[in-house]
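In: My questions are about this predicted structure, shown below with the sequence.
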Amino acid sequence: MFGKVLIANRGEIALRVVRACRELGVRSVAIYSTADAESAAVRLADESVCVGPPAPGKSYLHIPNVIGAAMKTGADAIHPGYGFLSEDPYFAEICADNDITFIGPRPEVMEKVGDKATARDLMQKAGLPLLPGTVEPVTSPDEAQEIADSIGYPVIIKAVAGGGGRGMNVVRGAEDLVRLYQTTRATAQAVFKDSAVYIERYLDAPRHTEVQLVCDEHGNGVYFFERDCSVQRRHQKLIEEAPSMHLTEEARRDIGERAVRGALSVGYTGAGTMEFLLDGDGNLSFMEMNARIQVEHPVSEMVTSVDLIQEQIRVAAGEPLSVSQDDVVLQGHSIECRVNAEDPDRDFAPAAGKLDVYVPPGGPWTRVDSHCYPGWTIAPFYDSLIAKLIVWAPDRARAIDRMERALSEFRIEGRGIRTTIPFHLRVLADERFRAGDISTDFLERFMAEQPAVAAG
């Protein structure tokens with residue numbers, strides 16, 4: 001096991017890793033920008049190092065400063081959390097060059113699964129189902145037109161290096177294809193420094209379904225069932241739950257086994273997520289793989305009673321997984337609501353400021369992952385996440401009831417601050433949501449039909 005782990009991140013995930021390290025008996029190092037000097041992670045970590053000013057490019061994304069902090073403190077491993085440097089193979093290589101273990105997959109594996117066209121090809125060969133489309137980048141408008149005509153409209157053009165909902169466009173007719181092909185390539189080049197794109201059949205209103213897995217260096221892989229993440233805006237998730245209410249036990253086992261087999265086929269180690277689209281007929285199609293822990297990992301922890309962050313750290317240290325597939329039993333239902341400093345009534349515009357009142361909910365089977373406290377200022381330099389509220393119950397209906405109760409207890413006040421709490425309460429009260437009638441277009445329809453969301 002490691003002696004000391006540096007956490008190359010901030011906010012709630014940094015605090016989450018600090019706590020996992022503490023329970024494993026591993027010392028932790030928090031890095032921080034000058035805007036985060038009083039953060040909860042800094043307060044609770046064993047050591048802390050300032051890595052620069054507020055701008056991420058000069059602090060959390062500044063590799064020399066991060067590596068320098070690790071070397072200064074004698075950290076023998078770096079946990080990247082999610083976002084920032086978590087899926088940067090170059091950063092993982094720099095860690096290796098300095099004899100620091102990167103808690104994640106090897107750089108060459110990260111490159112394979114991070115390139116969406118390559119990942120599609122590899123996963124297809126491993127037996128995962130794919131939507132009709134290309135596994136190689138599309139190199140010209142004429143080729144794009146030929147492919148779209150062959151698979152049928154609508155199609156979606158995606159950046160090979162894309163992520164976070166950026167670098168993709170839906171094409172519903174041939175008259176728009178060339179223009180959107182060129183637009184997507186230009187966006188991909190500007191945002192990801194890689195203009196390569198691929199094309200696949202576009203599903204209207206699918207369900208976003210993802211499988212959580214962890215693999216070790218000894219050839220073992222375990223899936224921790226799946227999550228439904230269909231309630232999202234502009235491809236950014238707001239409500240996640242586990243398990244999916246739309247999979248049979250047979251389908252759940254089949255896609256879990258395939259996901260693990262696909263990960264092991266490319267030599268994957270660490271925590272990762274296979275993302276799929278589920279159509280109205282119950283067919284799953286591989287979309288992409290995320291080579292990191294995800295924001296919504298707590299719902300998988302709640303239904304399996306396994307600490308995924310600790311598993312990440314163990315397997316990175318060369319230890320075998322602490323559980324086998326037979327040990328992982330699906331129990332009950334869990335829901336996570338992301339509480340953001342945003343105003344849903346203004347198209348989820350950021351609405352941050354200083355927290356004068358912060359009183360999280362409690363009670364049975366209620367979990368709050370947050371780095372906030374009264375007096376903390378939600379800075380404009382980073383994402384707007386205030387807290388992740390997670391509940392568990394024996395079934396989905398009671399989990400929704402528990403989440404409603406917990407949200408109603410959550411008090412967050414401050415000048416200029418608005419939150420997504422009222423929005424979540426309205427969604428949970430919606431009959432279609434309660435019935436499980438949700439898909440990736442649910443929120444768009446919901447917001448169009450609902451009256452304005454009250455401030456809160």
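Out: Noted; the coordinates are in hand.

In: C-alpha only now, for contacts and for neighbours.
Out: Will do.

In: Residue ranges of each domain in this structure, please.
Out: Per automatic domain parsing, the structural domains of the chain span 4-103, 132-201, 207-449.

In: Quick check: buried residues in the lowest-mean-pLDDT helix or strand in the chain?
Out: Within the chain, no helix or strand scores below strand 155-163, which has a mean of 88 by mean pLDDT, DSSP states H and E. Judged by neighbour count (16 or more other CA atoms under 10 Å), strand 155-163 contains these buried residues: 155-163.

In: Can you give the strand pairings for that strand, parallel or anti for each?
Out: strand 166-171 (antiparallel), strand 197-201 (antiparallel) (DSSP bridges).

In: returning to what we had before: of the domains of the chain, which is nearest residue 116?
Out: With CA to CA as the criterion, residue 116 lies closest to domain 132-201 of the domains of the chain, at 4.9 Å.

In: Kindly check the end-to-end length of the closest one for me.
Out: Chord length of domain 132-201, first to last residue, is 6 Å (CA to CA, to the nearest Å).

In: Same check on stretch 28-37?
Out: With CA to CA applied, stretch 28-37 spans 16 Å between its terminal residues.

In: And it, what's buried?
Out: For stretch 28-37, a neighbour-count test (16+ other CA under 10 Å) marks 28-33, 35-36 as buried.

In: Just give the closest residue to residue 138, not the sequence neighbours.
Out: Nearest non-adjacent residue to residue 138, counting by CA to CA, 6 or more residues apart in numbering: residue 198, 5.4 Å away.

In: any idea how far the one you found lies from residue 77?
Out: 36 Å.

In: Equivalent analysis for residue 229, please.
Out: Taking CA to CA, one finds residue 229 at 31 Å from residue 77.

In: And the strands in the stretch 151-300 of the chain, which stretches?
Out: For the stretch 151-300 of the chain, strands defined by DSSP state E, counting those that start in this stretch occupy the ranges 155-163, 166-171, 197-201, 207-215, 221-233, 236-242, 270-278, 284-290.

In: if you average pLDDT over the shortest one, what comes out?
Out: Taken as a whole, strand 197-201 carries a mean pLDDT of 93.

In: how far is that strand from where the chain is centred?
Out: Relative to its chain's centre, strand 197-201 lies at 22 Å (CA atoms, centre = their mean, to the nearest Å).

In: Okay, angle between it and strand 284-290 too, please.
Out: For strand 197-201 against strand 284-290, the angle by axes from the mean of the first three to the mean of the last three CA atoms, to 10 degrees is 150 degrees.

In: Equivalent analysis for the longest one, please.
Out: Here strand 221-233 runs at an angle of 100 degrees relative to strand 284-290 (the same axes, to 10 degrees).

In: Neighbouring strands - and their directions - for strand 221-233?
Out: Checking strand 221-233 against DSSP bridges gives partners strand 207-215 (antiparallel), strand 236-242 (antiparallel).
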